[in-house]
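Asks: this one's structure only:
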């Protein structure tokens with residue numbers, strides 16, 4: 001009996017490790033980005049590249065079943081409607097003063113909390129609308145919000161997640177305006 005508990009425990013542990021590994025691969029390693037944030041940009045890039053190589057080497061060691069599990073998990077993660085920003089702040093400073101990470105993180109937080117209504121007919125529309133707009137104004141000062149993005153694209157080349165930042169900011173700004181005007 002003890003042996004089967006240990007076997008089950010190790011399988012759960014291995015699945016958890018696979019999910020963490022997948023997070024690093026898909027989202028660029030937020031933990032790695034944070035842990036290297038005190039080093040120079042050159043050291044960050046070299047260290048993250050080494051980290052990714054280690055992860056790639058580990059993927060080669062996985063069984064077909066484990067790779068299939070990773071693929072299924074990856075597909076589920078990619079369907080989730082958040083913006084894959086890991087708050088690395090490489091896009092900063094914005095020449096126009098926007099707080100890009102705060103905008104994207106607020107949007108993601110609202111998605112995760114169910115405060116991004118799809119339309120005015122949603123059951124919790126009024127509550128979600130209020131939560132989004134009040135939270136946005138509290139999280140991001142007015143002069144640093146998405147409405148001030150002019151689409152200069154200076155942030156795009158710095159994003160390790162390859163997010164089309166101006167496009168996402170424009171989309172968020174349109175969403176905010178629709179919420180404010182009640183036209184969603």
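Replies: Received it, and whenever you're ready, just let me know what you need. Keep in mind that what you see is a predicted model, and the values were worked out from it rather than measured. Residues are numbered from 1 along each chain as shown.
Asks: Need the per-residue pLDDT for the nearest residue to residue 164 once chain neighbours are set aside.
Replies: Distances taken as C-beta to C-beta, 6 or more residues apart in numbering place residue 156 nearest to residue 164, at 6.6 Å, with adjacent residues excluded. Heads up, the C-betas are built off the backbone N, CA and C, glycines and all. If you check residue 156, the pLDDT there is 95.
Asks: and residue 156, what does it touch?
Replies: 91, 163, 164, 165, 166 (C-beta atoms under 8 Å, 6 or more residues apart in numbering).
Asks: go with 10 Å
Replies: By C-beta atoms under 10 Å, 6 or more residues apart in numbering, the contact set of residue 156 is 91, 162, 163, 164, 165, 166, 167.
Asks: Show me those residues that map onto helices.
Replies: 165, 166, 167 (DSSP state H).
Asks: Take these and lay them out in TSV including neighbour count.
Replies: Putting these into TSV (neighbours: other C-beta atoms under 10 Å) gives the following:
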residue	neighbour count
165	26
166	19
167	13
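Asks: any idea which of those residues is closest to residue 129?
Replies: The nearest member of these to residue 129, counting by C-beta to C-beta, is residue 167 at 23.2 Å.
Asks: in stretch 91-106, what counts as buried?
Replies: Residues of stretch 91-106 classed as buried: 91, 94, 98, 99, 100, 101, 102, 103, 104, 105, 106 (neighbour count, 16 or more other C-beta atoms under 10 Å).
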